[in-house]
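Trainee: I would like the atomic coordinates for the input below:
(one chain, ligands or ions: 1)
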Amino acid sequence: MLRVGIIGVGTVGTSVVNILKDNAAVISARAGVDIVVKSGVVKNLNKDRGLDIKLTDNVDDVLNDSEIDIVVELMGGVEEAFEVVKRALKSGKAVVTANKALLAYHRYELQEIAKDIAFEYEASVAGGIPIINALRDGLSANHIESIMGILNGTCNYMMTKMTNDGVAYDVVLKEAQELGYAEADPTFDVGGYDAAHKLLILASIAYGIDAKPEDILIEGIQNISQDDISFAKEFGYVIKLLGIAKKDKNEVELRVHACLIKKEKMIAKIDGVMNGISVVGDKVGETLYYGAGAGGDATASAVVANIIDIARSGKSKPMLGFDRPMEAGLVLKPIQNIESKYYLRINVSDKIGVLAKITKIFEDNSISIEAILQRQSSKDSANLLISTHMAVERDIQALISSLEKLEFVNSKPVMIRIV
Ligand code: HSE
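Mentor: This next block holds a predicted model:
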């Protein structure tokens, strides 16, 4: 028998307990051993969770219990969770975690500390989709050319509802929270940080890149308006929050932001709370992964899969999938050098000469306009909708700051990158 202790018995923890019970027969057949939850740590012992496992509010009851073989860390947060998993590993217990923030900051230290002790984290990226498994094992023969993913279910749910049903941002965010998709602090979702944490984990497996959230371009969906959604629709695009990792010679670019995507693209069709990830390998070509990226049971499905895997083998693979440096000299591309095509919406006073002055500023910043369209937004103002050819981030940022200083530009221009 294999005994599990769960630290943090919330939505996902409760699902882990229930899956281990509901699917006990098939799980023990696959694991080759019975798996039981011995105890769970919660903050509030008075809350009824409807579970028949022993609950405690003292983490030591799990960490110091010599009968517990696997610690499942579902408490969230970074530093406290780091201390807890370090203690678990140091006492020889295997660890399974769904904690992407912990890994975004401490994955390399954890790989060092874990060494031969199993440390698994499938649920940390894209909930129920076995993307860690696919990238670390299934595609291990490849150089990874790119990863492009819808990695945050909350944002995808919100963008889908805002696009298809015209639902307002605040209303749809509340819905996502009620459905249990959003993080405790939804800023992590809508600000792009949750997707960034996941992207960093994938980028480590793919490239061995050791970057922190602070090092990469992260933008959320807070500024996406119904105006932009409907213009996008009119021109055959949808807007989605994407996490992108791309190798370009000896540089890897990592970025999370809203994107305009042609509506025919597979990734544009991934709607609702679902996640989808395209991974391109140099030998395999493009592969695509789709499934539920949030929610208790979907996330717990990945947690339990890790538990089963540990039960089968008892030992760890290299946690991030490599034991030696993978590609010498591979570095993170500076944010300012990232290249993209851009959509800009500039709300201007509708006066003689405005367009000429605006296009001059594009020229001054070495940005080539691909297409331009003007739409009246009120009696004396208009939206200029401009798409660019490939340009670099540095120039676009300079362009936007020049534009917003102009007295006939009514508000900060909206910029969305086109993929
Ligand atoms: N808040 C996350 C999401 C949950 O919406 O995708 C899964 O990490």
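Trainee: which other helices and strands contact the lengthiest helix in the chain?
Mentor: If you go by DSSP state H, the chain has its longest helix at helix 296-313. Helices and strands touching helix 296-313, by 3 or more C-beta pairs under 8 Å, 6 or more residues apart in numbering; DSSP states H and E, are strand 2-7, helix 11-22, helix 24-31, strand 35-41, strand 70-73, strand 94-97, strand 119-120. No exception for glycine: its C-beta is placed from N, CA and C like everyone else's.
Trainee: any residues touching the longest one, and which ones?
Mentor: If I follow you right, that is helix 11-22. Outside of helix 11-22, the residues within contact range by C-beta atoms under 8 Å, 6 or more residues apart in numbering are 4, 6, 9, 27, 35-37, 40, 49-51, 53, 72, 74, 98, 123, 180, 295-297, 299-301, 303-304, 307.
Trainee: show me just the buried residues among those.
Mentor: Buried members of the contacts of helix 11-22, counted by 16 or more other C-beta atoms under 10 Å: 4, 6, 9, 27, 35, 37, 40, 51, 53, 72, 74, 98, 123, 295-297, 299-301, 303-304, 307.
Trainee: pLDDT below threshold where in the chain?
Mentor: Across the chain, the ranges flagged by pLDDT under 70 are 315-316.
Trainee: check whether stretch 252-272 contacts the ligand.
Mentor: No - using C-beta under 6 Å from any ligand atom, stretch 252-272 stays clear of the ligand, with a minimum separation of 11.2 Å.
Trainee: and the gap between the residue lying farthest from the centre of the chain and residue 364?
Mentor: Largest separation from the mean C-alpha position in the chain: residue 352, at 45.1 Å (C-alpha atoms, centre = their mean). Taken as C-beta to C-beta, to the nearest Å, the spacing of residue 352 relative to residue 364 amounts to 21 Å.
Trainee: please apply the same query to residue 231.
Mentor: In this structure, residue 231 and residue 364 are 25 Å apart, going by C-beta to C-beta.
Trainee: more neighbours: which of these two?
Mentor: The neighbour count for residue 231 versus residue 364, taken as other C-beta atoms under 10 Å, is higher for residue 231 (21 against 12).
Trainee: mind checking the SS state of that one?
Mentor: Following DSSP: H, G, I helix; E, B strand; the rest coil, the label given to residue 231 is helix.
Trainee: so it is in contact with residue 387, correct?
Mentor: No - applying C-beta atoms under 8 Å, one finds residue 231 not in contact with residue 387, separated by 10.6 Å.
Trainee: what residues are shared contacts of the two?
Mentor: Counting by C-beta under 8 Å, 6+ apart, residue 231 and residue 387 have no contacts in common.
Trainee: grab the nearest non-local neighbour of residue 76.
Mentor: Sequence neighbours aside, residue 99 is the residue nearest to residue 76 in space, at 6.0 Å (criterion: C-beta to C-beta, 6 or more residues apart in numbering).
Trainee: and residue 259, what helix or strand is that in?
Mentor: Following DSSP states H and E, one finds residue 259 within strand 251-262.
Trainee: quick one: name the residues of the stretch 51-200 of the chain near the ligand.
Mentor: Residues of the stretch 51-200 of the chain found near the ligand (C-beta under 6 Å from any ligand atom) are 127, 152-154, 181-183, 189, 194.
Trainee: okay, those in TSV with secondary structure and neighbour count next?
Mentor: Listed next are these as TSV, based on DSSP: H, G, I helix; E, B strand; the rest coil; neighbours: other C-beta atoms under 10 Å:
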residue	secondary structure	neighbour count
127	coil	30
152	coil	36
153	helix	27
154	helix	27
181	coil	25
182	coil	25
183	coil	18
189	helix	27
194	helix	30
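Trainee: all the helices of the stretch 201-350 of the chain, in order from the start?
Mentor: Per DSSP state H, counting those that start in this stretch, the stretch 201-350 of the chain carries helices over the ranges 226-234, 296-313.
Trainee: got these as CSV, with distance to the ligand columns?
Mentor: Output for those, formatted as CSV (distance: least, C-beta to the nearest ligand atom, whole Å):
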stretch, distance to the ligand
helix 226-234, 19
helix 296-313, 6
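Trainee: with residue 82 as the reference, name the closest of the ones you listed.
Mentor: Among these, helix 296-313 comes nearest to residue 82, with 18.5 Å by C-beta to C-beta.
Trainee: and the contacts of that closest one?
Mentor: With C-beta under 8 Å, 6+ apart, helix 296-313 has contacts from 2, 4, 11-16, 18-20, 23, 27, 30-33, 35, 70, 72, 74, 94, 96, 98, 118, 120-123, 127-130, 133, 180, 291-292.
Trainee: and the residues you listed, which of them are buried?
Mentor: Applying 16+ other C-beta under 10 Å to the contacts of helix 296-313, the neighbour count classes 2, 4, 11-16, 18-20, 27, 31, 35, 70, 72, 74, 94, 96, 98, 118, 120-123, 127-130, 133, 291-292 as buried.
Trainee: hang on, the earlier thing: tabulate the helices and strands packed on helix 296-313 (CSV), appending distance to residue 358.
Mentor: Output for these, formatted as CSV (distance: least, C-beta to C-beta, whole Å):
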stretch, distance to residue 358
strand 2-7, 56
helix 11-22, 49
helix 24-31, 62
strand 35-41, 58
strand 70-73, 52
strand 94-97, 50
strand 119-120, 53
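Trainee: the residue most central in space within the chain: which element?
Mentor: Nearest to the mean C-alpha position of the chain, by C-alpha atoms, centre = their mean, lies residue 195 at 2.1 Å. Assigned by DSSP H and E, residue 195 falls within helix 193-207.
Trainee: tilt between that helix and strand 251-262?
Mentor: Going by axes from the mean of the first three to the mean of the last three C-alpha atoms, to 10 degrees, helix 193-207 is angled at 130 degrees with respect to strand 251-262.
Trainee: what's helix 193-207 packed up against?
Mentor: Using 3+ C-beta pairs under 8 Å, 6+ apart, helix 193-207 is in contact with helix 100-114, helix 131-133, strand 144-150, strand 237-248, strand 251-262.
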